[in-house]
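1. I need the structure of the sequence given here:
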Amino acid sequence: MSYKTLRSEREGAIAIVTLDRPEVLHALDAAMFNELEQVFGELASDASLRAILLTGSGERAFAAGADIRGLVDTDALSGRQFSERGQQVFAQIERCGKPVIACVNGVALGGGCELALACTLRLASDKARLGLPEVKLGLVPGYGGTQRLTRLVGRGAALRMMLTASIVDATEALRIGLVEEVVPAAELMARGRQLAESIAAVAPLAVAGVLEAVERGDGLPLDKGLHAEAEIFGRLCGTADKDEGLTAFLAKRAADWQGR
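-> Coordinates of the predicted model:
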């Protein structure tokens, strides 16, 4: 497919989605939301795909945030719709059934940071800077930031970032748990591919099961989360991949995953 605001490429079992509006540092506008929705819908339905890398073109930005010009004329109703649209697309990315690795190569501010938060894992270049400075605009993060950041780094660290409009560097982002790893800028995509390949090498139904168990258990009491985990474990025990995995392990050979 051809897109105007992003690029989608395939390398074996790995897809690379690159935001591509460099003139505005990949600001998120309606067209980009539409294309993100389309491309992630297509990737989610591809059974041969095992992992997705998401980044921004160039070295300056992952995504600078929402396109501010689109907010100028909003009122209470249209503003809520603006927020809900972003939440819808980011939830689709979060729940697409494939691990999505954000490769944060520059600034990830506002909606750009929220996009990274919706991904499964976050790798950052040593030049990355992240933040949710919406209070400087008289707003709150509207694409899930108040909820995902708090769940990821804890209430205190999240409130400190949001209430002070702090923009943190890669080292601080790693310290508070906002990103999982920091690498030199020149090595970012290579490390992202390496991590994606590690995921692609294991059982795809099991990977999807881990994502489902964590998603379903989030916010549940422990006993209910354990119930969901046991249900998924039992379901996987009835798959050909489980039989192949155990047989390969006992035979000391590499497994041939079929995704069924």
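2. Which stretches in this structure count as helices?
-> 30-44, 76-94, 111-117, 145-153, 155-164, 170-176, 188-200, 204-217, 222-237, 240-251 (DSSP state H).
3. between those, which one is nearest to Val24?
-> For the helices of the chain, distance to Val24 was read as Cβ to Cβ. The smallest value, 9.9 Å, belongs to helix 30-44. For the C-beta atoms, the positions are set from N, CA and C on the backbone; glycine is no exception.
4. picking up where we left off before, okay if I get the helices of the chain as JSON lines plus mean neighbour count?
-> Below are those laid out as JSON lines (neighbours: other Cβ atoms under 10 Å):
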{"stretch": "helix 30-44", "mean neighbour count": "17"}
{"stretch": "helix 76-94", "mean neighbour count": "15"}
{"stretch": "helix 111-117", "mean neighbour count": "29"}
{"stretch": "helix 145-153", "mean neighbour count": "18"}
{"stretch": "helix 155-164", "mean neighbour count": "16"}
{"stretch": "helix 170-176", "mean neighbour count": "18"}
{"stretch": "helix 188-200", "mean neighbour count": "18"}
{"stretch": "helix 204-217", "mean neighbour count": "17"}
{"stretch": "helix 222-237", "mean neighbour count": "13"}
{"stretch": "helix 240-251", "mean neighbour count": "13"}
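5. Give me the number of neighbouring residues for Ala47.
-> 11 (other Cβ atoms under 10 Å).
6. and if you look at Lys4?
-> A count of nearby residues for Lys4, using other Cβ under 10 Å, gives 10.
7. which outside residues touch stretch 137-147?
-> Stretch 137-147 is contacted by residues 66, 68, 71, 79, 82-83, 86-87, 90-91, 110-111, 113-115, 117-118, 132, 134, 149, 158, 162 when judged by Cβ atoms under 8 Å, 6 or more residues apart in numbering.
8. Distance across that stretch, terminal residue to terminal residue?
-> With Cα to Cα, to the nearest Å applied, stretch 137-147 spans 19 Å between its terminal residues.
9. Please renumber the chain so that the first residue is 18 from this point on.
-> Yes, from this point I'll number from 18; that puts the last item at stretch 154-164.
10. which one of the helices of the chain lies closest to Met18?
-> Closest among the helices of the chain, once you apply Cβ to Cβ, is helix 47-61, at 7.0 Å.
11. Right, I'll call it a day here.
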